[in-house]
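Participant: with the sequence up front, the predicted model follows.
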Amino acid sequence: DAKTTQPNSMESNEEEPVHLPCNHSTISGTDYIHWYRQLPSQGPEYVIHGLTSNVNNRMASLAIAEDRKSSTLILHRATLRDAAVYYCILRVYNQGGKLIFGQGTELSVKP
Amino acid sequence: NAGVTQTPKFQVLKTGQSMTLQCAQDMNHEYMSWYRQDPGMGLRLIHYSVGAGITDQGEVPNGYNVSRSTTEDFPLRLLSAAPSQTSVYFCASSYKDRGRRFFNSPLHFGNGTRLTVT
(Lines give C-alpha, C1' and ligand atoms only; values in the text may rest on other atoms or scores of the structure.)
Protein backbone atom coordinates (compact mmCIF):
# COMPACT_ATOMS: atom_id res chain seq x y z
CA ASP A 1 0.00 0.00 0.00
CA ALA A 2 1.16 3.51 -0.78
CA LYS A 3 2.53 5.17 2.37
CA THR A 4 2.81 8.68 3.70
CA THR A 5 5.09 10.08 6.40
CA GLN A 6 4.09 12.94 8.68
CA PRO A 7 5.54 14.46 11.85
CA ASN A 8 3.84 13.11 14.96
CA SER A 9 3.02 16.53 16.35
CA MET A 10 3.26 20.25 15.62
CA GLU A 11 2.48 23.42 17.53
CA SER A 12 1.13 26.69 16.26
CA ASN A 13 0.07 30.03 17.62
CA GLU A 14 -3.45 31.27 17.11
CA GLU A 15 -3.99 33.45 14.04
CA GLU A 16 -0.67 32.43 12.50
CA PRO A 17 -0.31 30.28 9.37
CA VAL A 18 0.41 26.58 9.79
CA HIS A 19 2.25 24.40 7.28
CA LEU A 20 1.73 20.68 7.79
CA PRO A 21 4.18 18.58 5.74
CA CYS A 22 3.68 15.13 4.24
CA ASN A 23 6.11 12.91 2.36
CA HIS A 24 4.84 10.33 -0.14
CA SER A 25 7.90 9.26 -2.10
CA THR A 26 6.24 6.11 -3.53
CA ILE A 27 3.30 7.99 -5.05
CA SER A 28 2.16 6.91 -8.51
CA GLY A 29 1.05 9.20 -11.26
CA THR A 30 -2.65 8.51 -10.74
CA ASP A 31 -2.73 8.62 -6.92
CA TYR A 32 -4.66 11.48 -5.36
CA ILE A 33 -3.40 13.19 -2.21
CA HIS A 34 -6.14 13.55 0.40
CA TRP A 35 -6.12 15.38 3.73
CA TYR A 36 -8.55 14.72 6.56
CA ARG A 37 -8.66 15.96 10.11
CA GLN A 38 -10.15 14.51 13.26
CA LEU A 39 -11.22 16.70 16.14
CA PRO A 40 -11.34 15.12 19.60
CA SER A 41 -14.21 12.64 19.99
CA GLN A 42 -15.41 13.15 16.42
CA GLY A 43 -15.22 11.29 13.15
CA PRO A 44 -12.69 12.33 10.51
CA GLU A 45 -13.58 15.30 8.38
CA TYR A 46 -12.51 15.90 4.78
CA VAL A 47 -10.22 18.90 4.32
CA ILE A 48 -8.88 18.95 0.77
CA HIS A 49 -7.47 16.77 -1.99
CA GLY A 50 -5.49 17.17 -5.20
CA LEU A 51 -3.50 15.46 -7.92
CA THR A 52 -0.83 17.75 -9.32
CA SER A 53 -1.83 21.39 -9.07
CA ASN A 54 -2.11 23.39 -5.87
CA VAL A 55 -5.66 23.50 -4.53
CA ASN A 56 -7.55 26.00 -2.42
CA ASN A 57 -10.86 25.76 -0.62
CA ARG A 58 -12.54 27.54 2.25
CA MET A 59 -10.75 25.42 4.84
CA ALA A 60 -7.19 25.24 3.60
CA SER A 61 -4.71 25.19 0.73
CA LEU A 62 -2.79 22.21 -0.57
CA ALA A 63 0.65 22.77 -2.07
CA ILE A 64 1.97 19.81 -4.07
CA ALA A 65 5.65 19.52 -4.96
CA GLU A 66 6.52 19.42 -8.63
CA ASP A 67 7.74 15.81 -8.36
CA ARG A 68 4.64 14.97 -6.23
CA LYS A 69 6.78 13.23 -3.62
CA SER A 70 5.66 15.65 -0.93
CA SER A 71 2.82 18.01 -0.15
CA THR A 72 1.96 20.66 2.43
CA LEU A 73 -1.39 21.48 3.97
CA ILE A 74 -1.61 25.17 4.72
CA LEU A 75 -4.02 26.62 7.27
CA HIS A 76 -3.83 30.34 6.63
CA ARG A 77 -4.84 31.54 10.10
CA ALA A 78 -4.95 28.89 12.78
CA THR A 79 -7.77 29.05 15.29
CA LEU A 80 -8.23 27.08 18.48
CA ARG A 81 -10.86 25.02 16.64
CA ASP A 82 -8.17 23.80 14.23
CA ALA A 83 -6.51 21.76 16.97
CA ALA A 84 -6.89 18.20 15.65
CA VAL A 85 -5.07 15.23 14.18
CA TYR A 86 -4.39 15.82 10.49
CA TYR A 87 -4.06 12.83 8.18
CA CYS A 88 -2.34 12.89 4.80
CA ILE A 89 -3.41 9.90 2.71
CA LEU A 90 -3.00 8.63 -0.84
CA ARG A 91 -6.13 7.42 -2.53
CA VAL A 92 -4.78 4.84 -4.94
CA TYR A 93 -6.04 4.10 -8.43
CA ASN A 94 -5.40 0.36 -8.48
CA GLN A 95 -6.81 -0.40 -5.02
CA GLY A 96 -10.46 0.34 -5.64
CA GLY A 97 -10.00 3.83 -4.27
CA LYS A 98 -9.61 2.61 -0.70
CA LEU A 99 -8.04 4.94 1.83
CA ILE A 100 -5.42 3.67 4.27
CA PHE A 101 -4.83 6.04 7.16
CA GLY A 102 -1.42 6.60 8.76
CA GLN A 103 -0.75 8.00 12.22
CA GLY A 104 -1.26 11.64 11.32
CA THR A 105 0.06 14.88 12.82
CA GLU A 106 -1.42 16.13 16.06
CA LEU A 107 -1.70 19.90 15.78
CA SER A 108 -1.99 21.98 18.92
CA VAL A 109 -2.85 25.68 18.74
CA LYS A 110 -1.77 28.05 21.48
CA PRO A 111 -3.80 31.18 22.23
CA ASN B 1 -29.50 14.96 3.34
CA ALA B 2 -28.69 13.16 6.58
CA GLY B 3 -25.31 12.05 5.21
CA VAL B 4 -23.83 8.91 6.78
CA THR B 5 -25.86 7.58 9.71
CA GLN B 6 -24.46 5.01 12.12
CA THR B 7 -26.45 3.16 14.74
CA PRO B 8 -26.18 2.53 17.61
CA LYS B 9 -23.95 5.28 19.03
CA PHE B 10 -22.90 3.13 21.98
CA GLN B 11 -23.02 -0.63 22.59
CA VAL B 12 -21.78 -2.97 25.30
CA LEU B 13 -21.47 -6.66 24.47
CA LYS B 14 -20.33 -9.71 26.36
CA THR B 15 -17.66 -11.94 24.91
CA GLY B 16 -19.17 -14.34 22.41
CA GLN B 17 -22.25 -12.28 21.62
CA SER B 18 -23.00 -11.23 18.09
CA MET B 19 -24.32 -7.96 16.79
CA THR B 20 -24.62 -5.81 13.69
CA LEU B 21 -23.45 -2.22 13.41
CA GLN B 22 -25.64 -0.35 10.99
CA CYS B 23 -24.48 2.19 8.43
CA ALA B 24 -26.75 4.00 5.99
CA GLN B 25 -26.13 6.84 3.57
CA ASP B 26 -28.62 8.85 1.54
CA MET B 27 -26.19 10.38 -0.96
CA ASN B 28 -26.32 7.51 -3.50
CA HIS B 29 -22.63 6.85 -2.92
CA GLU B 30 -21.31 3.67 -4.48
CA TYR B 31 -18.27 3.34 -2.24
CA MET B 32 -18.69 2.47 1.45
CA SER B 33 -16.20 1.35 4.04
CA TRP B 34 -15.73 0.49 7.71
CA TYR B 35 -12.85 1.61 9.92
CA ARG B 36 -11.99 0.95 13.52
CA GLN B 37 -10.04 3.31 15.73
CA ASP B 38 -8.37 2.23 18.93
CA PRO B 39 -7.27 4.69 21.64
CA GLY B 40 -4.37 6.88 20.54
CA MET B 41 -4.23 5.27 17.13
CA GLY B 42 -5.21 6.10 13.61
CA LEU B 43 -8.00 4.45 11.65
CA ARG B 44 -7.66 0.95 10.26
CA LEU B 45 -9.72 -0.25 7.32
CA ILE B 46 -11.84 -3.35 8.04
CA HIS B 47 -13.89 -3.92 4.87
CA TYR B 48 -15.00 -1.85 1.93
CA SER B 49 -17.44 -2.04 -0.95
CA VAL B 50 -17.37 -0.42 -4.39
CA GLY B 51 -21.03 -1.09 -5.10
CA ALA B 52 -24.03 -3.23 -4.28
CA GLY B 53 -23.10 -6.91 -4.25
CA ILE B 54 -19.34 -6.23 -4.10
CA THR B 55 -17.23 -6.29 -0.93
CA ASP B 56 -13.53 -6.66 -0.21
CA GLN B 57 -11.23 -6.95 2.78
CA GLY B 58 -9.20 -4.13 4.25
CA GLU B 59 -6.29 -4.24 6.69
CA VAL B 60 -8.03 -5.92 9.66
CA PRO B 61 -10.98 -8.03 8.41
CA ASN B 62 -10.77 -10.98 10.83
CA GLY B 63 -13.80 -11.35 13.09
CA TYR B 64 -16.02 -9.14 10.92
CA ASN B 65 -18.43 -9.85 8.09
CA VAL B 66 -20.07 -7.42 5.69
CA SER B 67 -22.62 -7.54 2.91
CA ARG B 68 -23.93 -4.91 0.52
CA SER B 69 -27.38 -5.76 -0.76
CA THR B 70 -28.36 -2.13 -1.45
CA THR B 71 -26.48 1.04 -2.36
CA GLU B 72 -27.68 2.73 0.83
CA ASP B 73 -26.72 0.22 3.52
CA PHE B 74 -23.46 -1.43 4.56
CA PRO B 75 -23.86 -3.33 7.85
CA LEU B 76 -20.88 -4.68 9.79
CA ARG B 77 -21.43 -7.96 11.64
CA LEU B 78 -19.47 -9.19 14.62
CA LEU B 79 -20.09 -12.94 14.73
CA SER B 80 -18.57 -13.68 18.16
CA ALA B 81 -17.42 -10.54 19.94
CA ALA B 82 -14.02 -10.50 21.64
CA PRO B 83 -12.50 -7.90 24.00
CA SER B 84 -9.96 -7.09 21.26
CA GLN B 85 -12.86 -5.70 19.23
CA THR B 86 -13.46 -2.95 21.78
CA SER B 87 -13.06 0.14 19.64
CA VAL B 88 -14.77 3.06 17.94
CA TYR B 89 -16.15 2.11 14.54
CA PHE B 90 -16.57 4.57 11.70
CA CYS B 91 -18.45 4.11 8.46
CA ALA B 92 -17.55 6.24 5.44
CA SER B 93 -18.82 6.64 1.89
CA SER B 94 -17.86 8.39 -1.34
CA TYR B 95 -19.11 8.84 -4.89
CA LYS B 96 -17.58 8.17 -8.26
CA ASP B 97 -16.48 11.27 -10.13
CA ARG B 98 -17.48 12.05 -13.71
CA GLY B 99 -14.69 9.76 -14.88
CA ARG B 100 -16.30 6.91 -12.88
CA ARG B 101 -13.41 6.90 -10.41
CA PHE B 102 -13.47 6.80 -6.61
CA PHE B 103 -10.07 8.18 -5.89
CA ASN B 104 -10.96 11.72 -6.91
CA SER B 105 -13.74 12.12 -4.37
CA PRO B 106 -13.73 12.77 -0.62
CA LEU B 107 -14.85 10.31 2.03
CA HIS B 108 -17.86 11.29 4.14
CA PHE B 109 -17.73 9.84 7.65
CA GLY B 110 -20.43 8.98 10.15
CA ASN B 111 -20.21 9.94 13.81
CA GLY B 112 -19.08 6.54 14.96
CA THR B 113 -20.22 3.66 17.16
CA ARG B 114 -18.39 3.15 20.43
CA LEU B 115 -18.30 -0.60 21.18
CA THR B 116 -17.16 -2.18 24.42
CA VAL B 117 -16.78 -5.94 24.73
CA THR B 118 -16.45 -7.26 28.28
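Facilitator: Ah, there it is. Note that the structure is predicted; figures quoted are calculated from it, not measured.
Participant: from A:Thr4, how far off is the residue nearest to B:Gly3 when sequence neighbours are not counted?
Facilitator: By the measure of CB to CB, 6 or more residues apart in numbering or on different chains, the closest residue to B:Gly3 outside its immediate chain neighbours is B:His108, 5.9 Å from it. Yep, even glycine has a C-beta here, placed from its N, CA and C like the rest. Using CB to CB, to the nearest Å, we find B:His108 at a distance of 21 Å from A:Thr4.
Participant: what is the burial count for B:Arg77?
Facilitator: If you count neighbours by other CB atoms under 10 Å in any protein chain shown, B:Arg77 ends up with 13.
Participant: what residues are bridge-paired with the residue nearest to B:Gly3?
Facilitator: For B:His108, the beta-bridge partners are B:Ser93 (DSSP bridges).
Participant: hmm, B:Ala92 and it touching each other?
Facilitator: Yes. Counting by CB atoms under 8 Å, B:His108 does reach B:Ala92; the two are 6.3 Å apart.
Participant: these two - which one has more neighbours?
Facilitator: Each of B:His108 and B:Ala92 had its neighbours counted (other CB under 10 Å), and the higher figure belongs to B:Ala92 (28 against 22).
Participant: re the thing from before, spit out the residues that contact B:His108 and B:Ala92 alike.
Facilitator: Listed as contacting both B:His108 and B:Ala92 by CB atoms under 8 Å, 6 or more residues apart in numbering or on different chains are B:Val4.
Participant: distance of the residue lying farthest from the centre of chain A relative to chain B?
Facilitator: The outermost residue of chain A relative to its centre, with distances by CA atoms, centre = their mean, is A:Pro111 at 22.6 Å. Applying CB to the nearest CB, to the nearest Å, one obtains 25 Å for the distance of A:Pro111 from chain B.
Participant: ok, that residue - contacts?
Facilitator: Going by CB under 8 Å, 6+ apart, A:Pro111 touches A:14, A:80.
Participant: any idea which residue of chain B lies closest to chain A?
Facilitator: Each residue of chain B has a distance to chain A, by CB to the nearest CB, and the smallest belongs to B:Phe102, at 2.8 Å.
Participant: up against chain A, what does chain B have?
Facilitator: Neighbours of chain A within chain B, by CB under 8 Å from any CB of the partner chain: B:31, B:33, B:35, B:41-45, B:48, B:50, B:56, B:58-59, B:90, B:92, B:94, B:101-112.
Participant: could I have the buried ones of those as PyMOL selection syntax?
Facilitator: Listed next is the PyMOL selection for buried residues among those, using 16 or more other CB atoms under 10 Å in any protein chain shown:
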select buried, chain B and resi 31+33+35+42+43+44+45+48+50+58+90+92+94+102+103+104+105+106+107+108+109+110+111+112
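Participant: could you tell me which of the residues of chain B next to chain A belong to strands?
Facilitator: Restricting the residues of chain B next to chain A to those inside strands, with DSSP state E as the criterion, leaves B:31, B:33, B:35, B:43-45, B:48, B:50, B:56, B:90, B:92, B:94, B:108-109.
Participant: in JSON lines, list these along with pLDDT.
Facilitator: Output for those, formatted as JSON lines (pLDDT from 0 to 100):
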{"residue": "B:Tyr31", "pLDDT": "90"}
{"residue": "B:Ser33", "pLDDT": "94"}
{"residue": "B:Tyr35", "pLDDT": "94"}
{"residue": "B:Leu43", "pLDDT": "88"}
{"residue": "B:Arg44", "pLDDT": "90"}
{"residue": "B:Leu45", "pLDDT": "90"}
{"residue": "B:Tyr48", "pLDDT": "92"}
{"residue": "B:Val50", "pLDDT": "88"}
{"residue": "B:Asp56", "pLDDT": "92"}
{"residue": "B:Phe90", "pLDDT": "97"}
{"residue": "B:Ala92", "pLDDT": "94"}
{"residue": "B:Ser94", "pLDDT": "91"}
{"residue": "B:His108", "pLDDT": "94"}
{"residue": "B:Phe109", "pLDDT": "94"}
